[in-house]
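>>> sequence first, then the predicted structure, then my questions.
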Amino acid sequence: MTSPLILASASPARTKLLRDAGIVHRIVVSDVDEDAATASAGPLAPAETALLLARAKAESVAAGITGGLSDGDPADGALVLGCDSVFEFDGFPYGKPWEPEVARDRWRQMRGRSGILHTGHWLISTLHSRHDAATPFARGEVTSAVVRFEEVSDAEIDAYVATGEPLLVAGAFTIDGLAGAFISGIEGDPHTVVGLSISTLRRLLGQAGVSITELWV
Ligand SMILES: Nc1nc2c(ncn2[C@H]2C[C@H](O)[C@@H](COP(=O)(O)OP(=O)(O)OP(=O)(O)O)O2)c(=O)[nH]1
């Protein structure tokens with residue numbers, strides 16, 4: 001089977017994770033309004049927010065797909081994966097800081113302490129060859145990892161914020177980028193922190209009747 005996997009995400013980190021894991025995929029970015037989706041859902045825990053948004057992205061892309069996507073067997077359907085990451089610190093959910101001052105304030109709170117990065121995953125399968133077309137597969141899972149931060153100085157925070165890297169990533173940090181210098185440890189799957197747990201994808205694919213090895217290059 002050629003890979004029918006669609007990543008419903010604009011995240012460069014997520015597509016790199018899949019590529020580095022040898023998982024062939026296509027990208028179709030969802031048009032989900034994350035603020036509207038969370039506002040209409042009411043109060044949610046950070047992990048619930050991550051799953052809700054992952055589901056919304058996957059459902060939005062799956063709804064827009066007509067017919068099959070896998071070159072090898074267009075009639076067979078598709079696998080659509082949505083993801084969303086939320087950083088929980090002192091019980092509150094944080095996404096991307098967007099603004100330098102916001103990123104600076106967050107780092108001044110985070111240094112020397114730890115938080116939890118939750119990544120929601122939602123997989124939809126319409127592969128007729130794997131299950132009854134009348135009941136498409138749709139299931140999700142949240143994975144979480146504790147991230148511990150070094151005692152970072154004001155000067156280091158200012159220099160990091162000035163690079164722009166923290167502005168567009170959940171939690172205002174990366175573990176595989178410049179902020180790697182400021183991460184003292186992780187408890188859990190590091191891929192969860194980057195934005196997509198490959199082992200979680202393997203479990204969800206298995207529940208959909210697909211082995212992840214079928215999607216390797
Ligand atoms: N490279 C890297 N990226 C990270 C890390 N932590 C968070 N991120 C990125 C991954 C995602 O692109 C972003 C989390 O924001 P979202 O979950 O809303 O995804 P994003 O808006 O990027 O794309 P999407 O909404 O899925 O189209 O932060 C990290 O440690 N390393």
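Sure, I can see it.
>>> export the lowest-mean-pLDDT helix or strand in the chain as PDB, just CAs?
Within the chain, no helix or strand scores below helix 34-41, which has a mean of 88 by mean pLDDT, DSSP states H and E. The C-alpha atoms that make up helix 34-41 are tabulated as PDB, following Å, rounded to 0.1, in the frame of the first residue of the first chain:
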ATOM      1  CA  GLU A  34      -8.500  27.300  17.400                       C
ATOM      2  CA  ASP A  35      -9.700  30.100  19.500                       C
ATOM      3  CA  ALA A  36     -13.300  29.600  18.300                       C
ATOM      4  CA  ALA A  37     -13.100  25.800  18.800                       C
ATOM      5  CA  THR A  38     -11.900  26.100  22.400                       C
ATOM      6  CA  ALA A  39     -14.300  29.000  23.300                       C
ATOM      7  CA  SER A  40     -17.300  26.900  22.100                       C
ATOM      8  CA  ALA A  41     -16.100  23.900  24.100                       C
END
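>>> quick check: what element follows it along the chain?
Of the helices and strands lying after helix 34-41 in sequence (DSSP states H and E), the nearest is helix 46-64.
>>> and that next one, what's buried?
The neighbour-count check on helix 46-64 (16 or more other CB atoms under 10 Å) flags 46-62 as buried. C-beta: built from backbone N, CA, C; applies to glycine.
>>> keep only those of those that are also close to the ligand.
Restricting the buried residues of helix 46-64 to those near the ligand by CB under 6 Å from any ligand atom leaves Lys57.
>>> so what touches stretch 47-65?
Stretch 47-65 has contacts (CB atoms under 8 Å, 6 or more residues apart in numbering) with 6, 8-9, 28-32, 34, 37-38, 41, 44, 78, 80-86, 88, 93, 118-124, 126, 138, 140-142, 144.
>>> one more pass at 6 Å, please.
Residues outside stretch 47-65 that contact it (CB atoms under 6 Å, 6 or more residues apart in numbering): 8, 28, 30, 32, 34, 37-38, 41, 78, 80, 82-84, 86, 93, 118, 120-122, 124, 140, 142.
>>> pLDDT of it, averaged?
Averaged across stretch 47-65, pLDDT comes to 95.
>>> gap between the residue of the chain positioned farthest from its centre and the ligand?
The centre of the chain is farthest from one residue, Ala155, which by CA atoms, centre = their mean lies 30.4 Å away. Distance of Ala155 to the ligand, computed by CB to the nearest ligand atom, to the nearest Å: 22 Å.
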